[in-house]
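> Next input, structure requested:
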Amino acid sequence: MTRVGRRLPAVVALGTLFNPLNSSMIAVALADIEAEFQVGIAAVTWLAAGFYLTGIFVPPVMGTLADRLGPRLVFCSGLVTMAVTGVLAALAPSYPALVAVRLLQAFGSCATMPAGMAIVQAAMPGEDGRPPPRVIATISMVLTASAAAGPVLSGFLVSLWGWRAIFLVNVPLAAVALAAALRWLPKVRAQGPRRTWVPRLSPRLLATCGQFALVNVIFYSAFFAVPLWAQRVAGVPAHVAGLLVLPMAALAIVATPVAVALAGRAGLRAVLVVSATLLLGGSCVMLAVGPLALVPVAAALLGIASAFSQFGLNSLVFVHAAGRDTGVAVGLFQSSRYVGAAAASSLLGVLFERAGMAGGGWIMVAVSVIVLAGGVLLPVRRPAPAASGGDRSGP
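Numbers count the residues shown, from 1 in each chain. Next up is the predicted model:
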């Protein structure tokens, strides 16, 4: 592998980790933020939901800007935004001010993923329109592991320095990522002519993003329910509550290479079906949570499943997207993560107050059944090119 081939995935992965990391770190901090500002659990969960709702609309816009103005510029601008909002959030004097900065933070975190993957696609094109599977796996592994590690890191930061530390940690991370991006990210151009700012999105791509949204309803339901349940019902401190989801982070790192190997031998269909089956198993275990020992079991199953889903569905984005619109396609895929996360956090604000862990567990089981059906039916190959020799880079 060339020097570019080694460094490019690492730099992109470093920049894109801000999105899942900041979407999950907030989970453990919600209890302390609610206590300081006295806004109530239902209100404080909107600190997370507002971030996700903003993230639904912003990534496709950032992807379009990356395709039209240059992905390197958009990528670096996102990192600068993360550093600035990290400082502003830590200094927030009131809950409304914190929410406003948190929404601005969503813009920065949503810029790096579509821009970074547009650079990867342009610099390292591979089989069936996809970058090499190991490159997708590396970035997927970082995304899944950083989302799973968020509550663990947040638990220690909150315990040691308070909730404001979860925002300040973005500052040194963004500085390192920006230095690496300016040094090693190449300047690339999108493929093909640009006739319009509004891309044509295929039904196959939309179905892939819809499947990812459902996966994240399950993933984030567990992420928010477990720390809240552990602190409010089981009475454990914040750093222990974060550790309860540690298996998600550890197994995400181990499981992604397994997903790559399975895709190579049995195809992406097998990856999607195995992932959905594990999601269903983990959701069923969540229904039985009461004994604290069952939480790591559910987290382990959901961690493996999420790693498989992230790799498999991320690969399909490149299969079903036109090369010249890679940025907006990845942006739409990123938006689908926020659709699922927003649905999970919004439902949790109502269900947790009424039914505790069981309320979220039943939602997770129902959605897992739908995901399993989608894993069987979702198209995993691009259609054959038209006889007239049209655009081969998309459906």
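> which residues in this structure form strands?
In the chain, no strands are defined using DSSP state E.
> among the helices and strands of it, which has the poorest mean pLDDT?
Within the chain, no helix or strand scores below helix 238-243, which has a mean of 70 by mean pLDDT, DSSP states H and E.
> which regions of the stretch 251-395 of the chain sit below the pLDDT cut-off?
Where the stretch 251-395 of the chain drops to pLDDT under 70, the residues are 290, 323, 349-359, 383-395.
> Break down it into its helices, ranges please.
Under the criterion DSSP state H, counting those that start in this stretch, helices of the stretch 251-395 of the chain are mapped to 268-287, 294-320, 326-355, 357-377.
> can you check the stretch 101-250 of the chain too?
According to DSSP H, counting those that start in this stretch, the helices that the stretch 101-250 of the chain contains are 133-161, 165-168, 170-184, 203-232, 238-243, 246-266.
> In a markdown table, list these along with mean neighbour count.
Where you see a C-beta, it was placed from the backbone N, CA and C, and this is true even at glycine. Rendered in a markdown table, the data for the helices of the stretch 101-250 of the chain read as follows (neighbours: other Cβ atoms under 10 Å):
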| stretch | mean neighbour count |
| --- | --- |
| helix 133-161 | 23 |
| helix 165-168 | 22 |
| helix 170-184 | 17 |
| helix 203-232 | 24 |
| helix 238-243 | 22 |
| helix 246-266 | 19 |
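> among those, which gets the worst mean confidence?
Ranked by mean pLDDT, the helices of the stretch 101-250 of the chain end with helix 238-243 at the bottom, a mean of 70.
> Would you confirm that Val176 contacts Leu17?
No. Taking Cβ atoms under 8 Å as the definition, Val176 is not a contact partner of Leu17, at 11.1 Å.
> about what we covered before: just put the helices of the stretch 101-250 of the chain in CSV and tack on distance to Pro379.
Below are the helices of the stretch 101-250 of the chain laid out as CSV (distance: least, Cβ to Cβ, whole Å):
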stretch, distance to Pro379
helix 133-161, 18
helix 165-168, 39
helix 170-184, 34
helix 203-232, 5
helix 238-243, 38
helix 246-266, 15
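> Of the ones you listed, which is nearest Pro96?
Comparison of the helices of the stretch 101-250 of the chain against Pro96 by Cβ to Cβ identifies helix 165-168 as nearest, at 15.8 Å.
> What is that closest one packed up against?
helix 18-37, helix 71-90, helix 133-161 (3 or more Cβ pairs under 8 Å, 6 or more residues apart in numbering; DSSP states H and E).
> Using CSV, list the CA coordinates for it.
Backbone C-alpha positions of helix 165-168 (Å, rounded to 0.1, in the frame of the first residue of the first chain) are rendered in CSV as follows:
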residue,chain,number,x,y,z
ALA,A,165,-15.3,18.6,30.0
ILE,A,166,-17.1,16.6,27.3
PHE,A,167,-17.2,19.6,25.1
LEU,A,168,-13.6,20.8,25.8
